[in-house]
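Participant: generate a structure from the sequence data that follows.
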Amino acid sequence: MHALILHRPGLPGWLSEMLKYQGPNRLAMEMLAWHETLYYHAIATAVYVEAVGRALGLLEKELEWLTQAAFFHDCGKITWPSALVSKARLSDDDRKLVNAHPIAGEYYLREYWPDVPDPVCRVVREHHERPDGSGYPNGLKDGDIHPLSVIVAAVEVYTALLEHRPYRDRSFTKVEALAELERHGFPEDVVRVLAGVGEVVVGKVVGK
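Facilitator: Next comes the predicted model:
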């Protein structure tokens, strides 16, 4: 039963290979059990990230870390009450939970996958940090953020903009999403690669 869930249409072959290990497989199942949008967002982000990483010429080991971190970047959300999925406005208490999910994600990764590579955990912890110091959970600035974290951060934002979210009226178009990345100062080379990548549609998450 679990294997059937993990091999839904749209699941790339490399992800099936990665999830053959019991620990990561179980964590992926927790993500799917929490809400399918979290699971599909993880797949879409990882697919985009792999395309970006290859285009940027990353070494195979770096590409592996990058893709694994992209898939698990939001695994810390399984700590959230499910009501947060459809909540349009967040309270101050809600925001505290949101801001803690990168740290929770690292804890979950190490718990489910004891030999997880350290760079994967670092990217999960840093995927909401921003070069100008406005990110969370630690307000890191450019130079203190791992280069792989910057790539996942940009791609995760791009993927989220294309998806339906309860707090906005509509999904962004590809052109609008790319413009938003530029406006927020994400790396030009990442934006350029995303501009040339076809839209990834996984499940019912990614809008037109």
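Participant: how many neighbours does Gly196 have?
Facilitator: Taking other C-beta atoms under 10 Å as the criterion, the count of residues near Gly196 is 9. In short, each C-beta sits where N, CA and C put it, glycine included.
Participant: over to Pro147?
Facilitator: Residues near Pro147, counting by other C-beta under 10 Å, number 12.
Participant: same question, Pro131
Facilitator: By the criterion of other C-beta under 10 Å, Pro131 has 18 neighbours.
Participant: check contacts around it.
Facilitator: Under the criterion of C-beta atoms under 8 Å, 6 or more residues apart in numbering, the contact list for Pro131 reads Lys141, Asp142, Ile145, Val150, Gly185.
Participant: quick check, nearest of the residues you listed to Arg125?
Facilitator: Using C-beta to C-beta, Ile145 comes nearest to Arg125 of these, at 10.3 Å.
Participant: check contacts around the closest one.
Facilitator: Residues touching Ile145, when contacts are defined by C-beta under 8 Å, 6+ apart, comprise Glu126, Glu129, Pro131.
Participant: next: His146.
Facilitator: Shown in contact with His146 (C-beta under 8 Å, 6+ apart): Pro119, Arg122, Val123, Glu126.
Participant: tell me the spacing between Trp65 and Leu148.
Facilitator: 6 Å (C-beta to C-beta, to the nearest Å).
Participant: joint contacts of those two?
Facilitator: Counting by C-beta under 8 Å, 6+ apart, the shared contacts of Trp65 and Leu148 are Pro119, Val123.
Participant: quick check: closest non-adjacent residue to Gly105.
Facilitator: For Gly105, the nearest residue in space outside its immediate sequence neighbours is Gly76; the separation is 3.1 Å by C-beta to C-beta, 6 or more residues apart in numbering.
Participant: neighbours around that neighbour, how many?
Facilitator: Taking other C-beta under 10 Å as the criterion, the count of residues near Gly76 is 23.
Participant: if I look at it, what pLDDT would I see?
Facilitator: Reading off the per-residue confidence, Gly76 sits at a pLDDT of 96.
Participant: hmm, it is touching Arg110, no?
Facilitator: No - contact criterion C-beta atoms under 8 Å: Gly76 and Arg110 do not qualify, at 11.7 Å.
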